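Chemist: Quick check, what structure comes out for this input:
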Amino acid sequence: MARISRSTALRARHARLRKRIAGTGERPRLMVRRTLHHIYATVVDDAKGHTLVAASTLEKDVASALESRTNLAAAKAVGQAIALKAKAAGIEEVVFDRGGFQYHGRVAALADAAREAGLKF
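Modeler: A predicted model of the protein is given here:
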């Protein structure tokens with residue numbers, strides 16, 4: 001029997017989650033994606049198919065204050081940045097989409113920082 005690759009398993013987990021999670025205009029979806037080098041957060045209105053706000057460690061204002069773009073501090077910075085941008089856009093509540101990743105480590109740190117900055121899940 002052939003083994004399933006990590007990327008295939010991740011896509012399958014995310015597809016299972018997306019059956020139950022969808023963002024609306026009133027409560028968009030906060031999507032998290034992480035790689036070995038960066039972490040990304042995007043707020044999406046799935047009804048219209050539009051990205052409302054986004055933040056990542058690729059942005060100069062977020063990355064300039066960080067020693068590393070791959071640790072918990074970077075995830076917290078991205079969480080705060082996405083919450084501030086969402087609040088500025090008039091978004092108070094979101095549905096959290098962990099993207100098939102385990103709710104642990106950097107994903108949990110991003111979510112906690114976004115909650116502390118005022119987003120409601």
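
Chemist: burial of residue 11, as a residue count?
Modeler: Number of residues near residue 11 (other C-beta atoms under 10 Å) recorded here: 14. In this view, the C-beta of every residue, glycine as well, is placed from N, C-alpha and C.

Chemist: ignore the last one, residue 71
Modeler: So residue 71, with other C-beta under 10 Å, has 16 neighbours.

Chemist: and what of residue 45?
Modeler: The burial count for residue 45: 18, using other C-beta under 10 Å.

Chemist: My guess is it contacts residue 27. True?
Modeler: No: in this structure, residue 45 is not within contact of residue 27 by C-beta atoms under 8 Å, at 9.4 Å.

Chemist: Taking the centroid of the chain, which residue is nearest it?
Modeler: residue 32 (2.3 Å; C-alpha atoms, centre = their mean).

Chemist: Look up how far residue 2 lies from it.
Modeler: 29 Å (C-beta to C-beta, to the nearest Å).

Chemist: Perfect, I'm done here.
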